[in-house]
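> Let me see the structure of the following:
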Amino acid sequence: MKKRLSIAGIIMISLLSLSSSGEEWATGMGSCYAKGSMTAFGGVSFLYFGMFAGFDYGFHDCISGGVAIGINGKSDSFFKYRQVPFTVHGAFHPFNLSVLADKIKVRDKLDVYAGLTSGWKFGWSKVSGSNVNISADDFGGFVLRELLGVRFFPTDNFFIMFEERAGFGVFNFGAGYKF
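Numbers count the residues shown, from 1 in each chain. So this is what the prediction gives:
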(Lines give C-alpha, C1' and ligand atoms only; values in the text may rest on other atoms or scores of the structure.)
Protein backbone atom coordinates (compact mmCIF):
# COMPACT_ATOMS: atom_id res chain seq x y z
CA MET A 1 0.00 0.00 0.00
CA LYS A 2 2.87 2.40 0.70
CA LYS A 3 4.16 2.00 -2.86
CA ARG A 4 0.71 2.82 -4.26
CA LEU A 5 0.51 5.96 -2.09
CA SER A 6 3.90 7.24 -3.14
CA ILE A 7 3.13 6.73 -6.85
CA ALA A 8 -0.25 8.48 -6.47
CA GLY A 9 1.46 11.30 -4.54
CA ILE A 10 4.05 11.80 -7.27
CA ILE A 11 1.33 11.90 -9.94
CA MET A 12 -0.73 14.47 -8.00
CA ILE A 13 2.30 16.70 -7.34
CA SER A 14 3.25 16.52 -11.04
CA LEU A 15 -0.26 17.45 -12.11
CA LEU A 16 -0.44 20.34 -9.65
CA SER A 17 2.85 21.71 -10.97
CA LEU A 18 1.53 21.46 -14.54
CA SER A 19 -1.58 23.43 -13.60
CA SER A 20 0.53 26.48 -12.81
CA SER A 21 2.31 26.33 -16.19
CA GLY A 22 -0.77 26.94 -18.33
CA GLU A 23 -4.23 25.78 -19.26
CA GLU A 24 -3.50 24.25 -22.69
CA TRP A 25 -3.03 20.69 -21.42
CA ALA A 26 -6.66 20.41 -20.22
CA THR A 27 -10.10 21.52 -21.30
CA GLY A 28 -13.52 21.41 -19.66
CA MET A 29 -15.34 22.35 -22.87
CA GLY A 30 -17.99 19.72 -23.61
CA SER A 31 -17.44 17.97 -20.27
CA CYS A 32 -19.78 17.51 -17.30
CA TYR A 33 -16.86 18.62 -15.06
CA ALA A 34 -14.94 21.89 -15.54
CA LYS A 35 -13.06 24.60 -13.67
CA GLY A 36 -15.46 26.33 -11.26
CA SER A 37 -17.78 23.31 -10.92
CA MET A 38 -19.26 23.01 -7.44
CA THR A 39 -20.97 19.81 -6.32
CA ALA A 40 -22.73 18.71 -3.16
CA PHE A 41 -23.24 14.99 -2.67
CA GLY A 42 -24.31 12.35 -0.18
CA GLY A 43 -24.96 8.65 0.01
CA VAL A 44 -24.48 5.35 1.75
CA SER A 45 -21.35 3.32 2.48
CA PHE A 46 -21.02 -0.44 2.40
CA LEU A 47 -18.40 -2.57 4.17
CA TYR A 48 -18.98 -1.00 6.76
CA PHE A 49 -22.46 0.41 6.54
CA GLY A 50 -22.83 4.17 7.01
CA MET A 51 -23.68 7.50 5.45
CA PHE A 52 -21.60 10.35 4.06
CA ALA A 53 -21.91 13.87 2.62
CA GLY A 54 -19.46 16.21 0.97
CA PHE A 55 -18.64 19.13 -1.28
CA ASP A 56 -16.22 19.53 -4.24
CA TYR A 57 -14.89 22.53 -6.11
CA GLY A 58 -13.17 22.53 -9.53
CA PHE A 59 -9.89 24.43 -9.15
CA HIS A 60 -8.84 23.55 -12.70
CA ASP A 61 -10.34 21.71 -15.68
CA CYS A 62 -8.53 18.58 -14.46
CA ILE A 63 -8.16 19.13 -10.70
CA SER A 64 -10.79 19.37 -7.96
CA GLY A 65 -10.74 19.37 -4.19
CA GLY A 66 -13.20 19.21 -1.36
CA VAL A 67 -14.31 17.94 2.02
CA ALA A 68 -16.47 15.05 3.23
CA ILE A 69 -17.85 13.77 6.52
CA GLY A 70 -19.64 10.56 7.41
CA ILE A 71 -20.52 7.97 10.00
CA ASN A 72 -20.18 4.21 9.74
CA GLY A 73 -19.66 1.16 11.85
CA LYS A 74 -20.37 -2.45 12.62
CA SER A 75 -22.21 -4.27 15.35
CA ASP A 76 -23.14 -7.80 16.33
CA SER A 77 -24.07 -9.50 19.61
CA PHE A 78 -20.45 -9.34 20.86
CA PHE A 79 -18.83 -6.27 19.35
CA LYS A 80 -19.89 -2.78 18.28
CA TYR A 81 -17.91 0.14 16.87
CA ARG A 82 -18.65 3.47 15.24
CA GLN A 83 -16.44 5.99 13.52
CA VAL A 84 -16.92 9.51 12.19
CA PRO A 85 -14.41 10.35 9.44
CA PHE A 86 -13.72 13.94 8.37
CA THR A 87 -11.60 14.17 5.22
CA VAL A 88 -10.23 16.55 2.62
CA HIS A 89 -9.44 15.33 -0.86
CA GLY A 90 -7.94 16.23 -4.20
CA ALA A 91 -8.84 14.51 -7.46
CA PHE A 92 -7.60 14.36 -11.04
CA HIS A 93 -10.18 14.16 -13.88
CA PRO A 94 -8.37 12.46 -16.83
CA PHE A 95 -11.27 12.78 -19.32
CA ASN A 96 -10.49 16.51 -19.47
CA LEU A 97 -6.94 16.10 -20.75
CA SER A 98 -6.69 17.89 -24.10
CA VAL A 99 -5.19 14.80 -25.75
CA LEU A 100 -8.28 12.75 -24.77
CA ALA A 101 -11.05 15.36 -25.08
CA ASP A 102 -12.03 14.55 -28.67
CA LYS A 103 -11.60 10.79 -28.19
CA ILE A 104 -13.98 10.32 -25.24
CA LYS A 105 -17.51 10.88 -26.49
CA VAL A 106 -19.19 10.37 -23.07
CA ARG A 107 -17.45 13.32 -21.34
CA ASP A 108 -20.75 15.20 -21.21
CA LYS A 109 -22.34 12.43 -19.08
CA LEU A 110 -19.45 10.63 -17.34
CA ASP A 111 -16.79 11.99 -14.96
CA VAL A 112 -14.06 9.57 -13.86
CA TYR A 113 -11.61 10.72 -11.18
CA ALA A 114 -8.76 9.53 -8.98
CA GLY A 115 -6.88 11.22 -6.18
CA LEU A 116 -5.87 11.26 -2.54
CA THR A 117 -7.92 11.57 0.65
CA SER A 118 -6.54 12.65 4.00
CA GLY A 119 -8.19 13.35 7.31
CA TRP A 120 -9.09 11.98 10.71
CA LYS A 121 -11.48 9.29 11.95
CA PHE A 122 -12.96 9.64 15.41
CA GLY A 123 -13.95 6.21 16.70
CA TRP A 124 -15.36 4.38 19.69
CA SER A 125 -16.16 0.78 20.49
CA LYS A 126 -18.01 -1.43 22.93
CA VAL A 127 -17.33 -5.09 23.63
CA SER A 128 -19.56 -7.54 25.51
CA GLY A 129 -17.90 -10.39 27.35
CA SER A 130 -14.86 -11.07 29.48
CA ASN A 131 -11.15 -11.33 28.68
CA VAL A 132 -11.44 -8.74 25.91
CA ASN A 133 -9.18 -5.73 25.69
CA ILE A 134 -9.84 -3.53 22.66
CA SER A 135 -8.96 0.13 22.66
CA ALA A 136 -11.07 2.85 21.09
CA ASP A 137 -7.82 4.03 19.49
CA ASP A 138 -8.06 1.01 17.17
CA PHE A 139 -11.07 2.62 15.46
CA GLY A 140 -9.90 6.20 15.01
CA GLY A 141 -6.86 8.02 13.76
CA PHE A 142 -5.22 9.50 10.70
CA VAL A 143 -6.51 8.63 7.20
CA LEU A 144 -4.41 8.77 4.01
CA ARG A 145 -5.48 6.75 1.01
CA GLU A 146 -6.59 6.78 -2.57
CA LEU A 147 -9.88 8.09 -3.92
CA LEU A 148 -11.36 6.41 -7.00
CA GLY A 149 -14.74 7.31 -8.41
CA VAL A 150 -17.15 7.83 -11.25
CA ARG A 151 -20.14 10.12 -11.63
CA PHE A 152 -22.91 9.69 -14.18
CA PHE A 153 -24.97 12.76 -15.12
CA PRO A 154 -28.43 11.81 -16.44
CA THR A 155 -29.19 15.58 -16.51
CA ASP A 156 -26.92 18.63 -16.65
CA ASN A 157 -26.91 19.10 -12.86
CA PHE A 158 -27.98 15.84 -11.17
CA PHE A 159 -25.57 12.90 -10.89
CA ILE A 160 -25.27 9.45 -9.34
CA MET A 161 -21.89 8.32 -8.09
CA PHE A 162 -19.88 5.26 -7.13
CA GLU A 163 -16.64 5.62 -5.15
CA GLU A 164 -13.97 3.95 -3.13
CA ARG A 165 -13.03 6.60 -0.57
CA ALA A 166 -10.71 6.44 2.43
CA GLY A 167 -12.34 6.62 5.84
CA PHE A 168 -15.78 5.68 4.61
CA GLY A 169 -17.00 2.25 3.54
CA VAL A 170 -15.15 0.22 0.97
CA PHE A 171 -17.90 1.01 -1.55
CA ASN A 172 -19.86 4.25 -1.57
CA PHE A 173 -22.98 4.89 -3.61
CA GLY A 174 -24.78 8.21 -3.72
CA ALA A 175 -26.19 11.14 -5.62
CA GLY A 176 -25.48 14.82 -5.87
CA TYR A 177 -26.10 18.13 -7.51
CA LYS A 178 -23.78 20.35 -9.58
CA PHE A 179 -24.25 24.12 -9.09
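> beta partners of the nearest residue to residue 73 once chain neighbours are set aside?
Nearest residue to residue 73, sequence neighbours excluded (Cβ to Cβ, 6 or more residues apart in numbering): residue 82, at 3.8 Å. Bear in mind the C-beta positions are built from the backbone N, C-alpha and C, glycine included. Judged by DSSP bridges, the bridge partners of residue 82 are residue 73, residue 124.
> Near residue 82, how many other residues are there?
For residue 82, the count of nearby residues is 18 (other Cβ atoms under 10 Å).
> do the same with residue 166
Residues near residue 166, counting by other Cβ under 10 Å: 18.
> Is it in contact with residue 146, as I believe?
Yes: between residue 166 and residue 146 there is a contact under Cβ atoms under 8 Å: 6.9 Å.
> Can you give the distance from the helix or strand hosting residue 172 to the centre of its chain?
Using DSSP states H and E, residue 172 falls within strand 171-178. Relative to the centre of its chain, strand 171-178 is centred 10 Å away, using Cα atoms, centre = their mean, to the nearest Å.
> do stretch 58-76 as well
4 Å.
> Show me which residues of it are buried.
Neighbour-count burial for stretch 58-76 flags 58-64, 66, 68-73 (criterion: 16 or more other Cβ atoms under 10 Å).
> ok, now stretch 141-157?
Neighbour-count burial for stretch 141-157 [16+ other Cβ under 10 Å]: 143, 145, 146, 147, 149, 151, 153.
> Ok, stretch 158-166 next?
In stretch 158-166, counting by 16+ other Cβ under 10 Å, buried: 159, 161, 163, 164, 165, 166.
> do stretch 94-111 as well
Buried, per 16+ other Cβ under 10 Å, within stretch 94-111: 95, 96, 97, 101, 104, 107, 110, 111.
> Identify all contacting residues around it.
24-34, 61-62, 93, 112-114, 150-154, 159 (Cβ atoms under 8 Å, 6 or more residues apart in numbering).
> Wait, residue 91 touches residue 150, no?
No: in this structure residue 91 lies outside contact range of residue 150 using Cβ under 8 Å: 11.3 Å.
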